[in-house]
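Peer 1: here's my sequence, what's the structure:
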Amino acid sequence: MITARQSRAARALLGWTQETLADKARISLTALKRLESENRLEVYESTRDQVRRALEAAGIVILSDKRGQGVMLEHGRDEKTH
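Peer 2: Presented below is the predicted three-dimensional model:
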């Protein structure tokens, strides 16, 4: 599962706007704004999955373990290649 912070951090690494990610994930901008909200708004799990898949296709690795959560951009991948 991707969190609001992970989504925002991944977009920052890629240099993507919310509009770009929503387009690549094939979801509405409103759905992405709900996912990235700090207010813990309800979001369909399918929406989270589509966002995660779009980010992973762009080279993002979603990190999560007992110590915390984060994101990483794989070497050799950047916004210019997508």
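Peer 1: which parts of the chain are strands?
Peer 2: For the chain, applying DSSP state E gives strands covering 60-65, 68-73.
Peer 1: and for the first one, what are the contacting residues?
Peer 2: Contacts with strand 60-65, where a contact means C-beta atoms under 8 Å, 6 or more residues apart in numbering, come from 2, 6, 10, 13-14, 52, 55-56, 69-74. C-beta coordinates here come from the backbone N, C-alpha and C atoms, glycine included.
Peer 1: could you list the buried residues of stretch 28-43?
Peer 2: 31-32, 34-36, 43 (16 or more other C-beta atoms under 10 Å).
Peer 1: any chance of CSV for these, columns distance to D65 and pLDDT?
Peer 2: CSV is the format used below for those (distance: C-beta to C-beta, whole Å; pLDDT from 0 to 100):
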residue, distance to D65, pLDDT
A31, 27, 97
L32, 25, 98
R34, 26, 97
L35, 21, 97
E36, 22, 97
V43, 23, 94
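Peer 1: in JSON lines: those, plus distance to L63.
Peer 2: Formatted as JSON lines, the buried residues of stretch 28-43 follow (distance: C-beta to C-beta, whole Å):
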{"residue": "A31", "distance to L63": "23"}
{"residue": "L32", "distance to L63": "21"}
{"residue": "R34", "distance to L63": "23"}
{"residue": "L35", "distance to L63": "18"}
{"residue": "E36", "distance to L63": "18"}
{"residue": "V43", "distance to L63": "20"}
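Peer 1: check those against T20 and report the nearest one.
Peer 2: L32 (9.9 Å; C-beta to C-beta).
Peer 1: got the contact list for the closest residue to the closest one other than its chain neighbours?
Peer 2: Take L32 and drop its neighbours on the chain: the residue closest to it by C-beta to C-beta, 6 or more residues apart in numbering is A22, 4.4 Å away. Applying C-beta under 8 Å, 6+ apart, we find A22 in contact with 28-29, 31-32.
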